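Asker: sequence first, predicted coordinates after that:
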Amino acid sequence: MKKLIVALLLALVPLLVVASGGVHLDDADIDVGDQGSLQRGAKYFVNYCLSCHSAKFQRFNRTARDLGLTEDEVKENLMFTTDKIGDPMNIAMDPENANSWFGVTPPDLSVISRARGVDWIYTYLRSFYLDESRPFGVNNMVFPDVGMPHVLWNLQGTRKAVFTEHEGQKVFQRFEQVTPGSMSSEEFDSAMRDLTAFLSYVAEPIQLERQRLGVRVLLFIAVFFVLAYLLKKEYWKDVH
């Protein structure tokens, strides 16, 4: 059994490396139970992401209910692509135009946190740096040669990546600030944590209820196991 567990863990290592691109991922430390965080994350999503990236499996009225907002608040602050509260979070951009502008249609982000993981998203959002060789003048440490512009540059500012040479390969050392943004480094990290939390919620809106239900099921199984064991002993006491 021990050998089997070790073999499974070793098999997972390459998958984790591929998922992160070999880059250290920072701990997102999100809380999807924090409605304030989710509300702020929803604001960042509709203002900076929804113009290109949809979340078509999430509806505005569901967002209102789960985030503790009224439908009027959602209509006034979050709905810019439709006027129907029951519509999904789609974009107004035509897919053909998106493909011609960016070279690829921007992906839907409904389940991106399930596909990539919250640590990947959190690190990705904070890892853009200046790169004149790229079409939009930026690159990303987590997603090399990314085709997306740094839409959050006005919040974070612009940074350059400092590399050193090691055995003929470039090794990342640190980021250096070039121009300041409207947020401090700590404020930007907090904002990206909120945005990551919202994307995690969108990927599975029922996750908190699932966790609560899971605890109850485990407690039921534990109690049932004790009762079943005692009943088994009672039935078999004369045999043993």
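Answerer: The structure has been received and is ready for your questions.
Asker: can you pull out the strands in this protein?
Answerer: 55-59, 88-89, 128-130, 138-140, 157-166, 169-180 (DSSP state E).
Asker: partner strands of the last one, parallel or antiparallel?
Answerer: Strands adjacent to strand 169-180 in the sheet, as given by DSSP bridges, are strand 157-166 (antiparallel).
Asker: and for the fourth one?
Answerer: Taking DSSP bridges as the criterion, strand 138-140 pairs within the sheet with strand 128-130 (antiparallel).
Asker: low-confidence ranges in this structure?
Answerer: 1-22, 240 (pLDDT under 70).
Asker: could you list the domains of it?
Answerer: 15-205, 211-240 (automatic domain parsing).
Asker: including mean neighbour count, could these go into a markdown table?
Answerer: Backbone N, C-alpha and C define where each C-beta goes, glycine included. Converted to a markdown table, these look like this (neighbours: other Cβ atoms under 10 Å):
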| stretch | mean neighbour count |
| --- | --- |
| domain 15-205 | 17 |
| domain 211-240 | 9 |
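Asker: rewinding a little: nearest to Val217, of the strands of the chain?
Answerer: strand 55-59 (25.7 Å; Cβ to Cβ).
Asker: starting at the chain centroid, how far to that closest one?
Answerer: Computed by Cα atoms, centre = their mean, to the nearest Å, the chain-centroid distance of strand 55-59 equals 15 Å.
Asker: and the closest residue to Gly181 other than its chain neighbours, bridged to which residues?
Answerer: In space, and not counting its chain neighbours, Gly181 is closest to Gly157: 3.4 Å by Cβ to Cβ, 6 or more residues apart in numbering. Taking DSSP bridges as the rule, Gly157 bridges to Pro180.
Asker: nice, that's everything, thank you.
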